[in-house]
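K.L.:
next input, structure requested:
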Amino acid sequence: MENDNSSHGSSSVQDEHFRYKKKSRSINGFLTRYFLNPWTLLDGERLKRVAFGDKDESKPHKTIIMLGETGVGKSTIINALLNYMLGVESEDRIWFEIIETEEKQADSQTVKVTAYDIFTESSSFSLTIIDTPGFDKTEGKKEDLKIAEGLLELFGCNDWHREIDAVCLVMSSSTVRLTERQRCIFNSILSLFSNDVKNNFVVFITHAPTASPNSIKAIKDAKIPCAQTDNKEPVHFRFDNCHCENFYVKCNSEEQMEQLFQGYQAAWDLFKTSIEDFWHFVKGSKPVSIQNTQSVLIYRKQLLENITSIRKEVHAVQHKEMLDQAIEALQHHKEKEKNITFTYEVDEEYTEKVPIDPSSRSSKEATCCSVCKFNCHYPGCWWVRNLSWCTVMSNNKCTVCPGKCDYTKHVKEGKIYVRKTRKVKKTNEEQKKDYVSETEEHERRINQLQEEISTQEKKITTQVNKCLMCLNFLQKIALNTDALCTVQDLDGLIEEAKKKKHNKIIEALEQLKKPTQ
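P.N.:
Reported below is the predicted structural model:
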């Protein structure tokens with residue numbers, strides 16, 4: 001896609017520049033930066049939408065998604081695309097920014113999915129750029145959840161475009177090999193998309209004034225699924241990133257000024273060539289419907305929710321140990337003579353409501369059933385205030401708590417129910433009082449625990465089957481399935497189940513790991 005600014009004439013381009021300059025804050029330098037004033041359409045917890053310019057339905061529209069680690073230069077490339085659409089040339093010595101890359105760098109770091117709708121008179125097309133949170137060394141795999149939630153919300157908007165033209169993975173030329181952590185994070189991000197996006201997936205290499213064979217090798221070694229050239233090379237575009245620098249160097253002679261301008265011109269030429277090559281690629285590529293990617297995001301979310309439920313269930317399973325103790329206590333009870341005084345201890349289970357750890361990065365609130373004393377939606381309960389709208393409610397009834405109680409029996413607050421056990425001493429004097437009734441109570445308790453164990457095992461098995469259904473679907477249409485690390489992280493739960501001697505639960509969890517091996 002060529003930016004046919006010539007159809008508008010240089011005077012109309014300059015007129016458009018003049019209007020934006022007049023309305024924008026600026027900073028002077030070797031080139032003058034102008035900070036544009038787009039308007040915000042939506043600013044939610046997971047999604048922000050920004051618009052710039054007047055929408056023209058007669059122009060073709062393109063949509064691209066930007067992915068990359070924090071600090072690799074995604075914002076600079078977004079600004080570069082804007083300047084290309086505005087027809088800015090090197091001799092203009094100006095640079096427009098829709099994202100401030102220097103003055104407010106800390107504030108401008110993307111913390112949620114942000115969609116920029118850009119409409120300019122100078123360009124023959126309109127553009128939506130979807131900027132995603134940069135994944136960094138501290139957040140790790142949590143970033144892909146932010147991106148998934150934001151994209152799902154964006155794709156669900158009624159006025160949203162139904163096609164993706166390109167997905168751009170931005171990486172620095174200093175990346176000569178991917179660490180194991182980077183590889184896992186990249187795979188996790190790639191697993192958000194459907195496999196029909198592969199031929200629209202490209203790589204942007206930043207801070208690369210010259211060819212970057214080591215970076216290309218890193219992409220190939222990591223087996224990142226992306227579009228390929230006729231020579232089976234990853235389709236990539238490189239940028240110097242200094243084409244928009246202020247060049248504050250003080251020049252004492254015309255010769256120094258000439259050298260400075262030559263460097264600036266070389267960086268600008270690379271920028272323009274790369275942008276034009278990229279748009280040529282976009283023009284020749286077939287847009288991809290968001291339908292499959294939307295399905296991947298939905299099934300991936302369901303997978304994560306089911307695994308979270310499995311994790312909570314396994315943590316809550318104390319009954320097998322308690323069953324063994326109850327049987328042992330009953331045998332002990334029958335073997336002792338009535339007149340022998342002895343004491344013994346058993347574990348007694350109880351439920352306690354405790355505040356959510358304020359340092360936790362999970363949700364700060366939970367929706368709980370006051371009747372069942374059950375955590376119905378935690379973590380993940382963020383925005384709902386009217387509990388009848390909560391995702392765990394159906395027809396004003398909870399689908400999670402054992403009693404399927406009405407939503408009015410639920411409360412959303414910064415507390416959750418925790419299952420605990422405590423040591424309780426039993427003495428022979430109590431047994432002497434009603435030996436027979438205690439024997440019956442022991443037997444009743446054993447039967448109750450056996451039923452509860454059976455119920456929990458069936459519940460976990462059902463959730464495992466739901467996970468398997470999600471995994472099978474994702475393996476068919478997801479761009480990358482190596483990154484279903486959430487499933488591979490079940491080793492700790494399997495070890496916990498082994499300690500609690502729950503063989504059926506162990507078998508179910510082992511079955512869940514098989515599809516990813």
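
K.L.:
return the set of buried residues in the helix or strand hosting Val203.
P.N.:
Assessed by DSSP states H and E, Val203 sits inside strand 201-206. Neighbour counts over strand 201-206 (16 or more other Cβ atoms under 10 Å) mark Phe201, Val202, Val203, Phe204, Ile205, Thr206 as buried. Placement of C-beta: from N, CA and C, glycine included.

K.L.:
what sits against the fourth one?
P.N.:
The contact partners of Phe204, taken as Cβ atoms under 8 Å, 6 or more residues apart in numbering, are Gly68, Ile77, Cys168, Leu169, Val170, Met171, His236, Phe237, Arg238, Phe239.

K.L.:
again, only using 7 Å
P.N.:
Ile77, Cys168, Val170, Phe237, Phe239 (Cβ atoms under 7 Å, 6 or more residues apart in numbering).

K.L.:
cool, and the second one?
P.N.:
Val202 makes contact with Ala166, Cys168, Cys226, Ala227, Val235, His236, Phe237, Phe281, according to Cβ under 7 Å, 6+ apart.

K.L.:
any idea how far it is from Ala218?
P.N.:
The gap separating Val202 from Ala218 is 15 Å, by Cβ to Cβ, to the nearest Å.

K.L.:
taking the contacts of Phe204, tell me the two that lie furthest apart.
P.N.:
Within those, Cys168 and Phe239 form the most distant pair, 11.2 Å apart (Cβ to Cβ).

K.L.:
looking at the two, which is more packed in?
P.N.:
Using other Cβ atoms under 10 Å, the more surrounded residue of Cys168 and Phe239 is Phe239, with 26 against 23.

K.L.:
what bridges to the residue lying closest to the more buried one once chain neighbours are set aside?
P.N.:
On the basis of Cβ to Cβ, 6 or more residues apart in numbering, the spatially nearest residue to Phe239 that is not a chain neighbour turns out to be Thr206, at 5.2 Å. Judged by DSSP bridges, the bridge partners of Thr206 are Ser172.

K.L.:
one more: Ile118?
P.N.:
Assessed by DSSP bridges, Ile118 has beta-bridge partners Phe52, Leu127.

K.L.:
about what we covered before: just the CA atoms of the strand holding Val203, as PDB, please.
P.N.:
Extracted in PDB, the C-alpha atoms of strand 201-206 (Å, rounded to 0.1, in the frame of the first residue of the first chain):
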ATOM      1  CA  PHE A 201       3.000 -12.100  11.000                       C
ATOM      2  CA  VAL A 202       6.100 -10.000  10.500                       C
ATOM      3  CA  VAL A 203       9.100  -8.800  12.500                       C
ATOM      4  CA  PHE A 204      10.300  -5.200  13.000                       C
ATOM      5  CA  ILE A 205      14.000  -5.000  14.000                       C
ATOM      6  CA  THR A 206      14.700  -1.600  15.800                       C
END
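
K.L.:
right, and the helix or strand after it?
P.N.:
The first helix or strand that comes after strand 201-206 along the chain, using DSSP H and E, is helix 213-221.

K.L.:
between strand 201-206 and that following helix, find me the angle.
P.N.:
Put simply, helix 213-221 runs at 150 degrees to strand 201-206, going by axes from the mean of the first three to the mean of the last three Cα atoms, to 10 degrees.

K.L.:
tell me the mean pLDDT for helix 213-221?
P.N.:
Averaged over helix 213-221, pLDDT sits at 87.

K.L.:
hmm, who's touching it?
P.N.:
The contact list for helix 213-221, computed with Cβ under 7 Å, 6+ apart, reads Met171, Ser173, Thr175, Val176, Arg177, Leu178, Val203, Ile205, Glu233, Pro234, His236.

K.L.:
try 10 Å
P.N.:
With Cβ atoms under 10 Å, 6 or more residues apart in numbering as the contact definition, helix 213-221 has outside contacts at 169, 171-178, 182-183, 186, 203, 205-206, 208, 212, 224, 226, 228, 232-234, 236, 238.

K.L.:
of those residues, just the buried ones, PyMOL syntax please.
P.N.:
Listed next is the PyMOL selection for buried residues among the contacts of helix 213-221, using 16+ other Cβ under 10 Å:
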select buried, resi 169+171+172+173+175+178+182+183+186+203+205+206+208+212+224+226+234+236+238
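
K.L.:
returning to that earlier point: nearest to Asp43, of the contacts of Phe204?
P.N.:
Taking the contacts of Phe204 together and measuring to Asp43 by Cβ to Cβ, the closest member is Ile77, at 22.7 Å.

K.L.:
out of the contacts of Phe204, which are inside helices?
P.N.:
Counting by DSSP state H, the part of these found in helices is Ile77.

K.L.:
thinking again about what came up before, switch the contacts of Val202 over to JSON lines; also include distance to Lys112 and pLDDT.
P.N.:
Converted to JSON lines, the contacts of Val202 look like this (distance: Cβ to Cβ, whole Å; pLDDT from 0 to 100):
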{"residue": "Ala166", "distance to Lys112": "21", "pLDDT": "95"}
{"residue": "Cys168", "distance to Lys112": "18", "pLDDT": "94"}
{"residue": "Cys226", "distance to Lys112": "25", "pLDDT": "91"}
{"residue": "Ala227", "distance to Lys112": "28", "pLDDT": "93"}
{"residue": "Val235", "distance to Lys112": "28", "pLDDT": "94"}
{"residue": "His236", "distance to Lys112": "27", "pLDDT": "93"}
{"residue": "Phe237", "distance to Lys112": "26", "pLDDT": "94"}
{"residue": "Phe281", "distance to Lys112": "28", "pLDDT": "94"}
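
K.L.:
the residues you listed into CSV, with extra columns for distance to Cys390?
P.N.:
CSV is the format used below for the contacts of Val202 (distance: Cβ to Cβ, whole Å):
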residue, distance to Cys390
Ala166, 37
Cys168, 36
Cys226, 39
Ala227, 41
Val235, 44
His236, 45
Phe237, 45
Phe281, 44
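
K.L.:
how about Lys373, phi and psi?
P.N.:
The phi/psi pair for Lys373 (degrees, to the nearest 10) reads phi 50, psi 60.

K.L.:
could you do Ile505 as well?
P.N.:
Geometry field for Ile505 lists phi and psi as phi -70, psi -40, criterion degrees, to the nearest 10.

K.L.:
would you agree it is in contact with Leu493?
P.N.:
Yes - if you go by Cβ atoms under 10 Å, Ile505 and Leu493 touch, sitting 8.5 Å apart.
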